[in-house]
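[1] okay, structure incoming, though there's no sequence with it:
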């Protein structure tokens, strides 16, 4: 694996050792509806695959080609060999590439977009490793050129190169884009939404998620959060003259001049917490998995979080 | 009183920047900005954005003070302020200056100065060099060296100024009595229009000046003095010889000894003649007392030297010399060939310093040599060989020099030129002459007195002799001419023309020696006491005035003056004593009124006669402004370092 570092960063986006470590993992979406037979996901369906599952007594209509003649020679009874059918799933990764994802609350921290790239790459890697059909769709104010659908390990390297070449820019309007995206997908699958969700109201997002669920998509949201977003005091501490500060929205370029007093910082922290609580409630209501991703944590720990949440296993 | 003014007052308009700077600081500062991923939560936290007024009362910050100070300094610098308060201290002098230096070279400056081994003149000379060295490009300098005579030297370009500074160190004092008034008047004339003129007086203060001359300079006089102002001095201020009242062959020496001090002193006076010690005595002198000491002189001595002890700060006037040999080198030696010499000997003997020798006409016929005589008189005789000295022919017989074919028919004086040099003071009224030959004189001869058909007095130069020759065609043994006062006067005039009167035997140091050369002289060689020789060409023999002036008499002692003819033959040799002592120059104490006199020049300058010495302050102000800019920059740098390097947002 030889994936260059993303623009503006000295560290490689993907670590070979980490990929080797997660190679035996796989996506484990609950309640997903599988479709093809190319994958390695176990299925309740029985078929003619080489994977033995059980024997059953022959009955009229069974494929006599599957009669186990060795048993017949020993027991004199006809038994049919049953085998397990493996299936593949459609994994859709929606990666938020808006400009707010580029933001970082500290000069030594990775941006949310970098963390999102890494997570998308690892998850897609697991999917391709298990012969799932993977589609990666970056978006900001519109959908950008997507990767896939691709299946098979031969697409791992192109997938990682694709992710490494992405950049973050522009605004986004997640609920509207999610609705548009849903219109272009015929069947359901596993939808992994990687975003900071700083677009639209939580209720609008809930509506879009409900539509996804209705169309058969199992949805997991990887909610990327910078530490300074969780605690605005970290941002305030880095500003010398807090009596007069002009805040600039990195996406809309809107400006807000305020005195960043401790009281204002506290109120901002409370507002952020209430917003996250509302997201939690809506996702729970819509049976969508909402996984907070703290960007200051190393990638290995984040994968542990995903494992605990049941996304991978 | 120091003055402060602006050369470019319009530059003060730049002070308008001060309220502009203040206005700039009144603006509400644009707050620092920070990028955030979303304003969602901040809008909830601060629903009413902060609104600040466009202008406010500016905080009293270091930046504000520095900006105002920098602008004020630069505005003042633009106006080019000048002041005379710091002249020479710092800053840049504006216009070029003309530095006039009056360097006292009088005899008193030869006394020992503040530093042992160096005279006051040496110190003043060094000070003049230092002042010239401090001049800048574009400045001009004029040095006036004044003693009994004045010389000037000017330089304006840097190379010439440097050369002058170097040359000054080789100058010697002209000596004599300082004429500061003349030097000040000259300095006033030397002022250059349009630029600042400065006047520096380097002296020992032992001189005086006419206040009117001081005021006429139009410049403030910087008075720099050398040597202790109250230096005491014992000096020989005069020396003279007179005949002994009872022994005419001998003489007496009159020596004036003076004590220039407020305390009594005793001087040991010693006399030496021709190198032989003769006498020594102690002379007690009161404060500022002057006393004449009388010494008997031996007979036939050539020179005398008087010395006083103990030595003091002015050694030059502790010694005085005098030439005593009237028949020696310093006199008029006259040789008369005559068989009836009484009237001629009387007339020539009456001449000051003359020494008359009488020989018979046979000696002249026999070819007696006349070398060494200043004048030879041939009374009714023609020498066997051509004369080698100026000659006066009295009633000569017929010869190649003066043809005399016959006697005058009437010897009555009919023509007399009272304007002729030979006739000055000669009144021939009532003169009766006896029988007189009729002469024809060579071409070019002047005939101031004549009868109806022939000259009675004539003078000129005989071409083949190149000697001045005079003809007196008046019988001395007949008539009444020798009994009239006109006779010795005419003889004196003829002698003065034929053999110029020797210079005085004593000259004051610094005073020029005027030497009347003989007609045959081609070159005069003057040997100073230190052995240095000066060669001065003698004027042509046909000119009316045959005088040579020699001014380098600053060093006291005996000067030898020799005249040589065209062949290098020594014609005459004389000695002159140059003495340094004088009532004015031997008094080394600073004159009390000099400072007050010089102070008058400052008042004249205050009245606008002179221009101030000013110093431009703009370089100083600009430098201060630059320093404040650096302070402001460092303050800004320090503030920036205290702020975070990066504000959130924008980078990975």
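    Thanks, I have it. Remember, predicted model here, so these are calculated numbers, not experimental data. Residues are numbered from 1 along each chain as shown, chains lettered A, B, ... in the order given.
[2] could I get the buried residue list for stretch B:274-287?
    For stretch B:274-287, the neighbour count (16 or more other C-beta atoms under 10 Å in any protein chain shown) marks B:278, B:283, B:285 as buried. Yep, even glycine has a C-beta here, placed from its N, CA and C like the rest.
[3] inside helices: which ones of those residues?
    If you go by DSSP state H, the buried residues of stretch B:274-287 have nothing in helices.
[4] so which residue of chain A lies furthest out from the middle?
    Distance from the C-alpha centroid of chain A peaks at residue A:76, with 53.3 Å (C-alpha atoms, centre = their mean).
[5] roughly how far does that one sit from residue A:69?
    Residue A:76 is 11 Å from residue A:69, where distance means C-beta to C-beta, to the nearest Å.
[6] check residue A:177 too.
    58 Å.
[7] so these two - more neighbours on which side?
    Comparing residue A:177 with residue A:69 by other C-beta atoms under 10 Å in any protein chain shown, the one with more neighbours is residue A:177, at 21 against 9.
[8] how many other residues sit next to residue B:180?
    The burial count for residue B:180: 25, using other C-beta under 10 Å.
[9] check what pLDDT the residue of the stretch 101-250 of chain A found nearest chain B gets.
    Of all residues in the stretch 101-250 of chain A, the one sitting closest to chain B is residue A:244 (3.8 Å; C-beta to the nearest C-beta). Per-residue confidence for residue A:244 comes out at a pLDDT of 76.
[10] now swap in residue B:77 and tell me
    Taking residue B:77 on its own, its pLDDT is 91.
[11] and residue A:69, by the same measure?
    90.
[12] what's the answer for residue B:49, then?
    61.
[13] cool, and the one 5 residues further on?
    We note a pLDDT of 67 for residue B:54 in this prediction.
[14] return the backbone torsion pair for residue A:237.
    phi -70, psi -20 (degrees, to the nearest 10).
[15] tell me the SS of the residue most central in space within chain A?
    Nearest to the mean C-alpha position of chain A, by C-alpha atoms, centre = their mean, lies residue A:192 at 3.0 Å. What DSSP: H, G, I helix; E, B strand; the rest coil gives for residue A:192 is strand.
[16] that one against residue A:93, yeah?
    Yes. With contact defined as C-beta atoms under 8 Å, residue A:192 reaches residue A:93; the gap is 4.7 Å.
[17] hey, what's in contact with both of the two?
    Common contacts of residue A:192 and residue A:93 (C-beta atoms under 8 Å, 6 or more residues apart in numbering or on different chains): A:120, A:123.
[18] please name the residues that touch the residue lying closest to residue B:203 once chain neighbours are set aside.
    Of all residues not flanking residue B:203 in the chain, residue B:104 sits nearest, at 3.5 Å (C-beta to C-beta, 6 or more residues apart in numbering or on different chains). Taking C-beta under 8 Å, 6+ apart, we find residue B:104 in contact with B:121, B:124, B:146-147, B:178, B:180, B:201-204, B:207.
[19] now these in TSV, with pLDDT, secondary structure and distance to residue B:258?
    Converted to TSV, the contacts of residue B:104 look like this (pLDDT from 0 to 100; DSSP: H, G, I helix; E, B strand; the rest coil; distance: C-beta to C-beta, whole Å):
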residue	pLDDT	secondary structure	distance to residue B:258
B:121	90	helix	22
B:124	91	helix	25
B:146	88	strand	24
B:147	83	coil	20
B:178	82	coil	18
B:180	87	helix	22
B:201	91	strand	26
B:202	91	strand	26
B:203	89	strand	21
B:204	87	coil	18
B:207	83	coil	18
